[in-house]
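Asker: Pasted the sequence and its predicted model underneath.
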Amino acid sequence: MIPYGRQLISQTDIDAVVEALQSPLITQGPRVSNFEQAIADYCGAPYGVAMSSATAALHLACLALGVGPGDRVWTVPNTFVASANCARYCGADVDFVDIDPNTGNMSITALATKLTEAQASGHLPKVIIPVHFAGASCDMAGIAALTKPLGIHIIEDASHAIGGQYQEQPIGNCAYSDCSVFSFHPVKMITCGEGGVLTTQNAELAEKVATLRSHGITRDPAHMHADNPEPWYYEQHALGFNYRMTDIQAALGLSQLSQLDRFTQVRNTLAKRYHDAFADSPVSTLQVPADMYSSYHLFVIQVPAAHRLATFNALREAGIGVHVHYIPVHWQPDFATLGFQRGQFPAAEYYYSQAITLPLYVELTEAEQDFIIQQVLMLARQWS
């Protein structure tokens, strides 16, 4: 089976992890802070905070921005549930902004309409979480222009997007947001096995997140209430969590980061082959606007809804590990208990009804990709 995604682990990566395992500090050692700084430098942001997962980073970003009971947080339905659950962990209410089905990203038109209605009713969100779906950035300038004058914070869920660019600048520089969050799950562009990093230009936000990820504890005398504390002394200043990344994970992440630009270039080359192959066929592909450079975490095609299931099953039977990203979050039974219903976000639902994710990863060969293309086009001829 050709998988839809797969990590690439080199001998250099393995050597880096072995070296970390053989060092005196395998949990909280120098590699974590080195990885944080390396990600921040790559993205052009002053601060990076590493955590156990992107979900943890989203959760702490919400907490650090003061999200709590009575607040509202908006994201998109076309995402993994973590983009919405992070606000619910804080006791906040969640709502959604519909997408542009041509890109899979938050619709500026839908956002403007929803903000106008929310302002009139006095129910503006405290935070909005745009999701850079499949590796292409949302229109962050447009989102910021609508939300910043209203005092709304922005968390970029860039879990799919490290290595990508927006307006010729790295995604994660936070030019239009309070912070960005990356994921290092094995199917992402680079991996730590599991892990996440939050980048930001805000020193206070970075400090809050760093404290919250480690039980809310500080060991820095400059931030303690006690005068002249003993050398072993520490203080808990908030109810935090054990969301720390280990030195072992950071060692892998540092090694992988050195290969990120090559990985992204290969993904873009493969994506172009898909785009070119389907250009004159009934198969539609997601658009990447001209001012963006996608990391191509995913490659999604859209097929007629009436043929989606049969196409999916036929590709799986041919040994092609297709997937679907994503079931609209508001369709989940747990969200139904919050009052969400099918039909509320028609663009996201329309997109989902036609979406199939094709394999895309660095070691996908041209022969394998040609086979995938051949099978898709063969099935497409049966749709009419």
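Answerer: Cool, got the structure.
Asker: okay, now Asp291: neighbour count?
Answerer: For Asp291, the neighbour count with other C-beta atoms under 10 Å is 12. To be clear about C-beta, it is placed using only N, CA and C from the backbone, and glycine gets the same treatment.
Asker: For Val187, which three-state class applies?
Answerer: At Val187 the chain is in coil, as set by DSSP: H, G, I helix; E, B strand; the rest coil.
Asker: Which secondary structure state does the closest residue to it other than its chain neighbours sit in?
Answerer: Ranked by C-beta to C-beta, 6 or more residues apart in numbering and with sequence neighbours excluded, the top spatial neighbour of Val187 is Gly5, at 3.5 Å. With three-state DSSP as the basis, Gly5 sits in coil.
Asker: thought Gly5 was touching Val362?
Answerer: No. Assessed by C-beta atoms under 8 Å, Gly5 is found out of contact with Val362, at 9.9 Å.
Asker: More neighbours: which of those two?
Answerer: Neighbour count, other C-beta under 10 Å: between Gly5 and Val362, Gly5 has more, with 20 against 17.
Asker: what about the helices in this structure?
Answerer: 11-21, 30-43, 54-64, 82-88, 108-121, 140-147, 203-212, 247-257, 260-278, 305-317, 333-336, 346-354, 366-380 (DSSP state H).
Asker: How about the contacts made by the closest residue to Ala61 other than its chain neighbours?
Answerer: Residue nearest to Ala61 in three dimensions, not counting chain neighbours: Ile155, with 4.9 Å by C-beta to C-beta, 6+ apart. Going by C-beta atoms under 8 Å, 6 or more residues apart in numbering, Ile155 touches Leu58, Ala61, Cys62, Leu65, Val127, Ile128, Ile129, Ser177, Asp178, Cys179, Ser180, Val181.
Asker: What separation is there between Ile155 and Val73?
Answerer: Relative to Val73, Ile155 is positioned 9 Å away (C-beta to C-beta, to the nearest Å).
Asker: Please apply the same query to Cys86.
Answerer: Cys86 is 8 Å from Val73, by C-beta to C-beta.
Asker: Do me a favour and average the pLDDT over stretch 115-123.
Answerer: In this model, stretch 115-123 has a mean pLDDT of 97.
Asker: can you list the residues that contact that stretch?
Answerer: Contacts for stretch 115-123 (C-beta under 8 Å, 6+ apart): Arg72, Leu124, Pro125, Leu146, Thr147, Leu150.
Asker: give me that answer again for 10 Å
Answerer: Contact partners of stretch 115-123, identified using C-beta atoms under 10 Å, 6 or more residues apart in numbering, comprise Arg72, Trp74, Asp93, Asp95, Val97, Leu124, Pro125, Ile128, Leu146, Thr147, Leu150, Ile152.
Asker: Out of those, grab the one that's most surrounded.
Answerer: Greatest neighbour count in those, by other C-beta under 10 Å, goes to Ile128: 28 neighbours.
Asker: wait, it sits on His153?
Answerer: Yes. Using C-beta atoms under 10 Å, Ile128 makes contact with His153 at a distance of 7.4 Å.
Asker: Common neighbours of these two, please.
Answerer: Val73, Thr147, Ser177.
Asker: Can you pull the residues that touch both of Ile155 and Val73?
Answerer: In contact with both Ile155 and Val73: Cys62, Leu65, Val67, Ser83, Cys86, Ala87, Val127, Ile128, Ile129, using C-beta under 10 Å, 6+ apart.
Asker: could those go into a markdown table alongside pLDDT and distance to Thr311?
Answerer: Shown next, in a markdown table, are the shared contacts of Ile155 and Val73 (pLDDT from 0 to 100; distance: C-beta to C-beta, whole Å):
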| residue | pLDDT | distance to Thr311 |
| --- | --- | --- |
| Cys62 | 98 | 38 |
| Leu65 | 98 | 42 |
| Val67 | 98 | 40 |
| Ser83 | 98 | 27 |
| Cys86 | 98 | 33 |
| Ala87 | 98 | 35 |
| Val127 | 98 | 38 |
| Ile128 | 98 | 34 |
| Ile129 | 99 | 31 |
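Asker: mind showing which ranges of the stretch 101-250 of the chain have poor pLDDT?
Answerer: Scanning the stretch 101-250 of the chain for pLDDT under 70 picks out nothing.
Asker: ok so, going back, ok, so of the contacts of stretch 115-123, who is nearest Glu36?
Answerer: Ile128 (25.2 Å; C-beta to C-beta).
Asker: could you measure that closest one against Leu212, distance?
Answerer: 21 Å.
Asker: what does Gln22 give?
Answerer: 31 Å.
Asker: Next, give phi and psi for the residue lying closest to Gly321 once chain neighbours are set aside.
Answerer: Among residues not flanking Gly321 along the chain, Pro3 sits closest, at 4.4 Å (C-beta to C-beta, 6+ apart). Backbone torsions for Pro3, taken as degrees, to the nearest 10, come to phi -70, psi 160.
Asker: surely Pro3 meets Leu364?
Answerer: Yes. Assessed by C-beta under 10 Å, Pro3 is found in contact with Leu364 at 9.2 Å.
Asker: of these two, who's got more company?
Answerer: Leu364 (22 against 14).
Asker: which residues touch the nearest residue to that one once chain neighbours are set aside?
Answerer: Distance criterion C-beta to C-beta, 6+ apart; nearest residue to Leu364, sequence neighbours excluded, is Leu270 at 6.0 Å. Taking C-beta under 10 Å, 6+ apart, we find Leu270 in contact with Tyr296, Phe299, Leu358, Pro359, Leu360, Tyr361, Val362, Leu364, Thr365, Glu366, Glu368, Gln369.
Asker: ok, so what distance separates the residue nearest the centre of the chain from Ser183?
Answerer: Centre of the chain computed as the mean C-alpha position; nearest residue by C-alpha atoms, centre = their mean is Ser159, 1.7 Å away. From Ser159 across to Ser183, the span is 4 Å (C-beta to C-beta).
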